[in-house]
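In: The amino acid sequence is not available; the structure is as follows:
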């Protein structure tokens, strides 16, 4: 490990924004907050993976991985961050080093890759990620990036977070350090307002940021930069002119918030956009800090009015679901800020929380869990897949579970037909009326669907004692029922669709009743009657 990387890791472990961190000895502080991974625990992620997932949501940047192609393949778009503009971030760039590069060094190959990207795509910047192999052979990506910046006149940003440096959360922070060292503060925004904020640690997973932005827009609050979900390079580079930082996931990027406060005097607040109560509290905190930073006082009154309107609307819409969800139990396997923020959101819908994972949570996160769930809250540090399946299987023993599965499955079928009508019509028409090759292709896909369903059915009580052949047979019956329903819905009116879906639900309920009575050991052949003597 290079001297510069060791120094940067030591700097990351010195976290003034964490009271627990400041109370540790220097030796304990170097261990960090996350338990080191065991060999083979790939799901936990490495430092490279952490840096990549933290920065890849900057959508107009070319993200170049300097290392074997597998490093890029394993980390590509594994969080499904959405973009409202450029799709360049979804293009995987890698130097794909080989044995000769390991022997002779890969710096020339890296420089050529940067040049090729700039000539072909002309991005505003290129982020270059160090990996284990290239770090071990001594490739100096900082020097290559500096030379490329001078040569091409574009910022080429080194992200020095090789996998062996530590766990994923350390990689998140090392990625954040790259932004602090090379990006933030290098561009001035076209204009500023008293309502400018940065949102830090928000990755716009499946577009969740877009659910929050309309509320901020209604208050006149401008997101100057989101780090890093749906972010743009120039927006991130001008983030130092915001008035307030809103911290979403402190475990990943708290160092950005604390260092921006030190360098530019920008205060930060930690909040959550999950749940009605937490959303309202977060809006209040942002408004209060903005007023302290010089925004007009009327922002506070406007915030309260907006909260009153939106809370009433949200409670009205959730009431329909709450009647069906009240008393249901959920197990959360999340971690981090979601270990407590999602708890509050589900409780507002009437759902009871059986337990929540705290694998990636801070001490502050755990305290918030206790505030919401009580001191006897079931917090899970780690859970193997087998333990998780056993808990789910026990939950599925609830007699009401099958009814919920059937009802939800029928609703999903109806939604799919509405949203993909041409596809549904195509399957209904070509399954039996198409050319031979097309008929076989459709049959093969439906069989694959049935095979996957049969595997899932093995997790249900009773069905887990069946043979594989019997489960596949039952899965085929369910798939046939679904496909028939799709065909019936294609040209149905609203009234007809309601009747079709009700019939489908009854048919599937009947199938479940048959499951309970099914005895796979009995002969399927009818026994001939014995003649009277």
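Out: Perfect, thanks for sending it. Nothing here was measured: the structure is a model prediction, and the numbers come from that model.
In: rest of the way, CA atoms for contacts and neighbours
Out: Fine.
In: Could I get the buried residue list for the longest helix along the chain?
Out: Identified as the longest helix of the chain according to DSSP state H is helix 298-325. Neighbour-count burial for helix 298-325, counted by 16 or more other C-alpha atoms under 10 Å, picks out 299, 300, 303, 306, 307, 311, 322, 325.
In: check contacts around the fifth one.
Out: The contact partners of residue 307, by C-alpha atoms under 8 Å, 6 or more residues apart in numbering, come to residue 280.
In: Likewise for the last one?
Out: By C-alpha under 8 Å, 6+ apart, the residues touching residue 325 are 349, 350, 351.
In: Neighbour-wise, which one of the residues you listed leads?
Out: Neighbour counts for the contacts of residue 325 peak at residue 349, which has 22 neighbours (criterion: other C-alpha atoms under 10 Å).
In: what's the closest non-adjacent residue to that one?
Out: Residue nearest to residue 349 in three dimensions, not counting chain neighbours: residue 322, with 5.1 Å by C-alpha to C-alpha, 6 or more residues apart in numbering.
In: can you pull out the strands in the stretch 151-300 of the chain?
Out: Remark: strands assigned in the stretch 151-300 of the chain by DSSP state E, counting those that start in this stretch are 156-159, 196-202, 222-228, 244-247, 268-270.
In: The shortest one pairs with which strands?
Out: This points to strand 268-270. strand 244-247 (parallel) (DSSP bridges).
In: Now do the strand it pairs with: everything it contacts.
Out: With contact meaning C-alpha under 8 Å, 6+ apart, strand 244-247 is reached by 196-201, 254, 257, 266-271, 286, 289-290, 293.
In: Of those residues, just the buried ones, ChimeraX syntax please.
Out: A single ChimeraX command selects the buried members of those (16+ other C-alpha under 10 Å):
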select :196,197,198,199,200,201,254,257,266,267,268,270,271,286,289,290
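In: what's the domain layout of this protein?
Out: Taking automatic domain parsing as the reference, the chain has its domains at 3-182, 196-315, 326-383, 399-517.
In: Flag every buried residue along the helix or strand containing residue 416.
Out: Element membership of residue 416, judged by DSSP states H and E, is helix 399-419. Within helix 399-419, the residues that count as buried by 16+ other C-alpha under 10 Å are 402, 406, 407, 410, 413, 414, 417.
In: could you pull out the helices for the stretch 251-400 of the chain?
Out: Listed in chain order, the helices of the stretch 251-400 of the chain (DSSP state H, counting those that start in this stretch) span 276-292, 298-325, 338-348, 363-373, 385-396, 399-419.
In: In a markdown table: those helices, plus mean pLDDT and distance to residue 468.
Out: Compiled in a markdown table, the helices of the stretch 251-400 of the chain are given as follows (pLDDT from 0 to 100; distance: least, C-alpha to C-alpha, whole Å):
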| stretch | mean pLDDT | distance to residue 468 |
| --- | --- | --- |
| helix 276-292 | 96 | 45 |
| helix 298-325 | 94 | 33 |
| helix 338-348 | 85 | 36 |
| helix 363-373 | 82 | 41 |
| helix 385-396 | 64 | 18 |
| helix 399-419 | 77 | 20 |
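In: CSV for those, including distance to residue 233?
Out: Below are the helices of the stretch 251-400 of the chain laid out as CSV (distance: least, C-alpha to C-alpha, whole Å):
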stretch, distance to residue 233
helix 276-292, 24
helix 298-325, 29
helix 338-348, 27
helix 363-373, 30
helix 385-396, 39
helix 399-419, 35
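In: okay, now residue 356: neighbour count?
Out: Neighbour tally, residue 356, other C-alpha under 10 Å: 24.
In: give me the number of residues near the closest residue to it other than its chain neighbours?
Out: Leaving aside its chain neighbours, residue 356 sits nearest to residue 332 (4.5 Å; criterion: C-alpha to C-alpha, 6+ apart). Neighbourhood size, residue 332 [other C-alpha under 10 Å]: 18.
In: do the same with residue 101
Out: Residue 101 has 17 nearby residues by other C-alpha under 10 Å.
In: Make residue 1 into 3 and carry on from there
Out: Got it, first residue is 3 now, which makes that one residue 103.
In: Wasn't it part of a strand?
Out: No: per DSSP: H, G, I helix; E, B strand; the rest coil, residue 103 lies outside any strand segment and is helix.
In: Do you know the pLDDT at the residue lying closest to it once chain neighbours are set aside?
Out: Excluding the flanking residues, the one nearest residue 103 by C-alpha to C-alpha, 6+ apart is residue 111, at 8.0 Å. Each residue has a pLDDT score; the one for residue 111 is 96.
In: Check which residues of the helix or strand where residue 111 lies are buried.
Out: Residue 111 belongs to helix 109-123 when assigned by DSSP H and E. Neighbour-count burial for helix 109-123 flags 109, 112, 113, 115, 116, 119, 120 (criterion: 16+ other C-alpha under 10 Å).
In: Distance to residue 169 added to those, as TSV?
Out: Converted to TSV, the buried residues of helix 109-123 look like this (distance: C-alpha to C-alpha, whole Å):
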residue	distance to residue 169
109	26
112	25
113	28
115	28
116	27
119	29
120	31
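In: Go through the buried residues of helix 300-327 and say which is closest to residue 340.
Out: Among the buried residues of helix 300-327, residue 327 lies closest to residue 340 (C-alpha to C-alpha), at 20.0 Å.
In: what ranges of the stretch 103-252 of the chain fall below the confidence cut-off?
Out: For the stretch 103-252 of the chain, the stretches with pLDDT under 70 are 252.
In: change it to 90
Out: Within the stretch 103-252 of the chain, the stretches with pLDDT under 90 are 103-104, 106-107, 169-171, 207-208, 250-252.
In: Mind listing residues that contact the helix holding residue 111?
Out: 64, 66, 68, 96-97, 99, 103, 125, 128, 141-143, 146-147, 150, 154.
In: what's the next secondary structure element after it?
Out: Using DSSP H and E, the helix or strand that follows helix 109-123 in sequence is strand 128-132.
In: which residues of the stretch 53-202 of the chain fall in helices?
Out: 71-77, 101-106, 109-123, 134-138, 143-154, 170-184.
In: and of those helices, who's closest to residue 523?
Out: Shortest distance between residue 523 and those, using C-alpha to C-alpha, is found for helix 71-77: 45.5 Å.
In: Buried residues, the closest one. List them.
Out: Applying 16+ other C-alpha under 10 Å to helix 71-77 flags 71, 73, 74, 77 as buried.
In: That helix - what's its average pLDDT?
Out: 84.
In: I'd like to know which elements it is packed against.
Out: With contacts defined as 3 or more C-alpha pairs under 8 Å, 6 or more residues apart in numbering; DSSP states H and E, helix 71-77 has these neighbours: helix 49-57, strand 95-96.
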